[in-house]
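Chemist: fold the stuff below for me.
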Amino acid sequence: MSQDSAKRLAAESALQYLVPGEVLGVGTGSTVNFFIDALAPRKSEIPAAISSSLASTERLKAIGIPVVDLNEVDGISIYVDGADEADAGLNLIKGGGAALTREKIVAAASQRFICIADRSKRVDVLGAFPLPVEVIPMARRLVARKLAAIGSRPVWREGVVTDNGNHILDVHGLQISDPPALESTINQIAGVVTVGLFAHRGADVLLLGHADGVDRIERA
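Modeler: Numbers count the residues shown, from 1 in each chain. Model (predicted):
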């Protein structure tokens with residue numbers, strides 16, 4: 001089975017968590033694109049969506065789902081998004097698509113976070129995928145020095161500007177044994193907007209597509 005087929009299986013499996021008549025949170029990325037495509041036949045059940053990126057907003061509008069501002073709603077029933085890595089504790093690395101800050105905000109506003117991915121994203125220890133950190137442009141080199149001081153190798157993702165007008169540092173060389181602690185440490189560096197570790201607010205359900213179907217891992 002191709003990776004795209006596995007992603008599509010996971011994305012379609014997330015449809016079972018839809019709450020008809022309630023606002024839906026939608027993330028960003030290739031797996032989420034399959035989820036948005038799968039929403040089209042059920043768009044009448046979704047009064048509005050909150051989107052984590054301009055790209056997802058355009059895709060949602062194209063299939064006829066209204067996209068509203070988070071400030072216009074009191075909460076979100078479920079948030080569906082992908083991940084670059086996920087561990088057994090449902091801690092995630094996200095931000096490969098540079099939408100991590102808005103993704104973290106929408107996740108925080110949601111009652112349940114449904115993470116969809118192909119099974120290759122499941123790891124024992126986070127960190128093989130470079131950890132994205134969104135930074136204020138004027139602080140990029142300062143933050144890079146602080147990140148290097150904790151034993152990592154930050155690399156500026158040149159040519160990429162986030163939807164918020166910021167830069168991304170991709171942090172290499174990590175083995176993240178305590179995701180909540182590292183998330184807190186990096187978030188406290190002056191100039192950091194947010195880090196792509198989703199540990200304090202990780203996934204509630206992880207759906208992993210593969211050749212034999214979809215594995216479901218739920219938070220205890």
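Chemist: backbone dihedrals for the residue nearest to Asp163 when sequence neighbours are not counted, please?
Modeler: Leaving out its chain neighbours, the residue that sits closest to Asp163 by Cβ to Cβ, 6 or more residues apart in numbering is Leu54, at 5.5 Å. For the C-beta atoms, the positions are set from N, CA and C on the backbone; glycine is no exception. As for Leu54, its main-chain torsions (degrees, to the nearest 10) stand at phi -60, psi -40.
Chemist: what do you get for Leu39?
Modeler: The phi/psi pair for Leu39 (degrees, to the nearest 10) is phi -70, psi -20.
Chemist: can you map out the strands along this protein?
Modeler: For the chain, the strands defined by DSSP state E occupy 24-26, 49-51, 76-81, 85-86, 92-93, 110-118, 131-135, 153-156, 167-172, 192-195, 197-198, 205-210, 213-218.
Chemist: CSV for those, including distance to Leu142?
Modeler: Formatted as CSV, the strands of the chain follow (distance: least, Cβ to Cβ, whole Å):
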stretch, distance to Leu142
strand 24-26, 32
strand 49-51, 31
strand 76-81, 30
strand 85-86, 27
strand 92-93, 23
strand 110-118, 31
strand 131-135, 9
strand 153-156, 11
strand 167-172, 11
strand 192-195, 10
strand 197-198, 20
strand 205-210, 35
strand 213-218, 38
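Chemist: and these as a markdown table, adding mean pLDDT, distance to Glu58 and mean neighbour count?
Modeler: What follows is the strands of the chain, written out as a markdown table (pLDDT from 0 to 100; distance: least, Cβ to Cβ, whole Å; neighbours: other Cβ atoms under 10 Å):
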| stretch | mean pLDDT | distance to Glu58 | mean neighbour count |
| --- | --- | --- | --- |
| strand 24-26 | 98 | 12 | 26 |
| strand 49-51 | 98 | 9 | 25 |
| strand 76-81 | 97 | 17 | 24 |
| strand 85-86 | 98 | 27 | 24 |
| strand 92-93 | 98 | 25 | 29 |
| strand 110-118 | 97 | 20 | 23 |
| strand 131-135 | 98 | 21 | 27 |
| strand 153-156 | 98 | 27 | 16 |
| strand 167-172 | 98 | 21 | 22 |
| strand 192-195 | 98 | 23 | 22 |
| strand 197-198 | 98 | 24 | 30 |
| strand 205-210 | 97 | 25 | 23 |
| strand 213-218 | 95 | 28 | 14 |
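Chemist: and those: which comes nearest Arg42?
Modeler: Smallest distance to Arg42 across the strands of the chain (Cβ to Cβ): 10.2 Å, for strand 24-26.
Chemist: need the contact partners of that closest one.
Modeler: 18, 32, 35-36, 46, 48-52, 56, 60, 65, 76-81, 106-107, 109-110 (Cβ atoms under 8 Å, 6 or more residues apart in numbering).
Chemist: I'm done for today, thanks for sticking with me.
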